[in-house]
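Enquirer: All I have is the shape, not the residue letters:
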Ligand code: ATP
């Protein structure tokens, strides 16, 4: 089903996925905090990425580099000179916009006046601050606008210590910061966000092959985690859209409520970054191929995804409503690996003899999966809450349980209920949850 933007934003707030940051102070625009369910979902998205990109591969290792790096890094990478967006300002209402995101330059989308825009000027997106107690140009530093450079500057460290041979990749998940001109659309575009990036180093002549390989691999990842194929699209960048370092880029786009928009960019960064760091640092970042006796600078294929943006897309994609006996049921059909909670343990009523059983059952299951033990409200409302947050299984303890030592396990998607012996519950769930 297609879902409107407000519905999912409201659900995210109401159920504790995402809160406006600094809400008690009126909120800080474009900053968000992840609540108890949101943090689990975000962690699961990152965990799945790490699992497929690092753990399951012989040819990729991970790192976690500093957010604040030497300013020379950003000089060499070209970010200081050209990590800019074209900024225009409306001379009537003083609102600022990214020129390339405006539908027309004839009319301001905010105040509606015509012909009020200033000439575009290049606005650098990096956040600048100072290191140490003195604020002077000499100690200016930047918050990283991408995790990728932390990988390039560690290329030789990682190659040497992990004894990696080409082709191989280095992956990283972490926060990045961009002083976006027009943040918005909830967590789609924020000034602080998380990225999941992998730099795959290879021989220059093999770069095209690996480029195509990673396009296929990345598509497989989204679809394997349940994203509907019709909502994912690959789009090749036109020559005038390419970043300063790229010889080719494919965007993975998702069908957001406002149309297709980027989730991930897969780029052939050539040898641009390693060469730039070689020149600026004077360090040798070439690779010596022992078999052929050649020395060269590797090419790099980069799948660069946004963790926070992707989490939002999974949330949208999972949202469903269906009619059940004259009522509308809202259900998040999240893949079980992504669901924030895997199991809810529910006594049919608050009666102490039932709660005693659910307390013990919850204690048994808690080390195995993220669970919730919920004893409040009528059972129907508790099922609805679990459906809305995407919990795959609800276990209900009723009065029969006291006699037959069995519980009811309800499946989120089909609402089918199985009666399962208490001592078989963990096995039953393990078969389904993994
Ligand atoms: P856009 O065109 O949307 O500004 P980009 O092409 O500059 O993005 P990249 O530099 O390729 O983005 O970054 C890789 C990924 O990081 C993006 O595909 C996106 O998922 C994520 N990302 C980039 N900027 C933001 C942001 N401001 N907020 C949330 N996620 C972001």
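Expert: Received, thanks. None of the values given here were measured: they were computed from a predicted structure. Numbers count the residues shown, from 1 in each chain.
Enquirer: Around the ligand, which positions in the protein sit nearby?
Expert: 146, 178, 180, 189-190, 193, 195, 262-265, 304-306, 308-309 (C-beta under 6 Å from any ligand atom). Glycine gets a C-beta too; all of them are placed from N, C-alpha and C.
Enquirer: Return the subset of those residues lying in helices.
Expert: Within the residues of the chain next to the ligand, residues falling in helices by DSSP state H are 308-309.
Enquirer: Let me know the closest of the residues of the chain next to the ligand to the ligand.
Expert: residue 306 (2.3 Å; C-beta to the nearest ligand atom).
Enquirer: tally of neighbours for that closest one?
Expert: 24 (other C-beta atoms under 10 Å).
Enquirer: residues in contact with it?
Expert: Residue 306 makes contact with 193-196, 263-264 under the criterion C-beta atoms under 8 Å, 6 or more residues apart in numbering.
Enquirer: Can I get the residues you listed in TSV including neighbour count?
Expert: Converted to TSV, the contacts of residue 306 look like this (neighbours: other C-beta atoms under 10 Å):
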residue	neighbour count
193	21
194	22
195	22
196	23
263	23
264	26
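Enquirer: Let me know the closest of those residues to residue 164.
Expert: Comparing the contacts of residue 306 against residue 164 with C-beta to C-beta picks out residue 196 as the nearest, at 19.8 Å.
Enquirer: For the closest one, which residues count as its bridge partners?
Expert: Residue 196 forms beta bridges with residue 173, residue 305, as assigned by DSSP bridges.
Enquirer: List the residues that contact it.
Expert: Under the criterion of C-beta under 8 Å, 6+ apart, the neighbours of residue 196 are 46, 49-50, 53, 171-173, 304-307, 310.
Enquirer: just residue 183 next, same as before
Expert: Contacts of residue 183 (C-beta under 8 Å, 6+ apart): 29-30, 189-191.
Enquirer: Can you show me the helices along the stretch 301-434 of the chain?
Expert: 307-318, 352-365, 379-388, 399-404, 425-433 (DSSP state H, counting those that start in this stretch).
Enquirer: Please report how far residue 314 lies from residue 85.
Expert: Computed as C-beta to C-beta, to the nearest Å, the residue 314 to residue 85 distance reads 27 Å.
Enquirer: more crowded one of these two?
Expert: Per other C-beta under 10 Å, whichever of residue 314 and residue 85 has more neighbours is residue 314, with 25 against 19.
Enquirer: My guess is that one contacts residue 38. True?
Expert: No. Shown here, residue 314 and residue 38 do not form a contact pair, counting by C-beta atoms under 8 Å, at 11.4 Å.
Enquirer: any common contacting residues for these two?
Expert: Here residue 314 and residue 38 have no joint contacts, going by C-beta under 8 Å, 6+ apart.
Enquirer: which ones are touching the residue nearest the centre of the chain?
Expert: The residue lying closest to the centre of the chain (C-alpha atoms, centre = their mean) is residue 307, at 1.4 Å. The neighbours of residue 307, taking C-beta under 8 Å, 6+ apart as the test, are 42, 45-46, 49, 173, 193-196.
Enquirer: Residue 76 now?
Expert: 276-277, 279-281.
Enquirer: Quick check, pLDDT for the residue nearest to residue 178 when sequence neighbours are not counted.
Expert: In space, and not counting its chain neighbours, residue 178 is closest to residue 125: 4.4 Å by C-beta to C-beta, 6 or more residues apart in numbering. If you check residue 125, the pLDDT there is 94.
Enquirer: quick one on the thing from earlier: if we only consider the contacts of residue 196, which is nearest to the ligand?
Expert: Nearest to the ligand among the contacts of residue 196, with distances taken as C-beta to the nearest ligand atom, is residue 306, at 2.3 Å.
Enquirer: Against which helices or strands is the helix or strand containing residue 123 packed?
Expert: Here residue 123 is covered by strand 121-124, with elements defined by DSSP states H and E. In this structure, strand 121-124 packs against strand 84-89, with contacts taken as 3 or more C-beta pairs under 8 Å, 6 or more residues apart in numbering; DSSP states H and E.
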